[in-house]
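**Q** Sharing a model that was predicted from the sequence below.
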Amino acid sequence: MDAKTALLVIDVQRDFCAGGALAVPDGDAVVPIVNALARHYPTVIVTQDWHPANHISFASQHDGRAPFETITLGYGEQILWPDHCVMGSAGAALHSALEIPHAALILRKGSNRAIDSYSAFLEADRATKTGLDGYLTSRGITQIDLCGLATDYCVAWSALDARRFGFEARVIEPACRAIDLAGSLDAAWRAMQAAGVARAGAV
Ligand code: VGL
Ligand code: ZN
């Protein structure tokens, strides 16, 4: 891959894999695919979903609410999730078979108790930046390829925001797996297509 293209590896963490708190169906399957893919990229950024134990996206923090219900918060709709990716916990660790020794940056997101962050670029208030756009721009990156978990949440939101910040963006579909809650996967692909995110089978 050329020097202007970066690979963004989204949330390949234990809690999103088999036996994890918010296991994505077949999530483990991406690990060898992502490992092989990453070898083609000089610039790789790995993200971790990284929440405090009392994070606002956890159903456990809202009396009478159950995981996968939706509530309205100050910044908009929020799906409530099982407690997952609690900072420093075993479930928040990267999958132990993920092997990307040349990754340049590990970016943690969702650490603000009061705001979720599916996207690696912007928190759910759609205003607070993680700084990733500046990091990539200052390294001369213009194209971002995305892979990881989950296609319809953190991968899609990151891809949409990559476009918003002016990058070319491409989702490598075989290197992703989805949660697919109530049609969320189809909706995510439609939104990505409308925003000019390319859908790639392989690279
Ligand atoms: C994610 C739901 C909650 C993801 C993170 O990585 O797609 N999904 N937190
Ligand atoms: Zn999360």
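**A** Here it is on my side, so go on. Residues are numbered from 1 along each chain as shown. Ligands and ions are numbered 1, 2, ... in the order given.
**Q** Neighbouring strands of the longest strand belonging to the chain in the sheet, and parallel or not?
**A** Determined from DSSP state E, the single longest strand within the chain is strand 168-177. Pairing partners of strand 168-177, with direction, according to DSSP bridges: strand 143-149 (parallel), strand 198-200 (parallel).
**Q** This structure: helices as residue ranges?
**A** Here the chain has its helices, by DSSP state H, at 30-38, 132-138, 156-164, 184-194.
**Q** deepest of those, which one?
**A** The highest mean neighbour count among the helices of the chain, using mean count of other C-beta atoms under 10 Å, belongs to helix 156-164: a mean of 24. Yep, even glycine has a C-beta here, placed from its N, CA and C like the rest.
**Q** Can you name every helix or strand that that one contacts?
**A** Here helix 156-164 touches strand 5-10, strand 143-149, strand 168-177, helix 184-194, going by 3 or more C-beta pairs under 8 Å, 6 or more residues apart in numbering; DSSP states H and E.
**Q** again, only using 7 Å
**A** Judged by 3 or more C-beta pairs under 7 Å, 6 or more residues apart in numbering; DSSP states H and E, helix 156-164 is in contact with strand 143-149, strand 168-177, helix 184-194.
**Q** Nearest to ligand 1, out of these?
**A** Proximity to ligand 1 (C-beta to the nearest ligand atom) singles out strand 143-149 among the helices and strands packed on helix 156-164, at 5.4 Å.
**Q** residue nearest the centroid of the chain?
**A** Nearest to the geometric centre of the chain sits Cys154, at 3.0 Å (C-alpha atoms, centre = their mean).
**Q** distance of it from Phe16?
**A** In this view, Cys154 and Phe16 are 9 Å apart by C-beta to C-beta, to the nearest Å.
**Q** pLDDT score for Ile10?
**A** Looking at Ile10, its pLDDT reads 99.
**Q** Just give the nearest non-adjacent residue to it, would you?
**A** Among residues not flanking Ile10 along the chain, Gly148 sits closest, at 3.3 Å (C-beta to C-beta, 6 or more residues apart in numbering).
**Q** ok, that neighbour - contacts?
**A** By C-beta atoms under 7 Å, 6 or more residues apart in numbering, Gly148 lies in contact with 9-12, 30, 34, 155, 176.
**Q** That'll do, ta.
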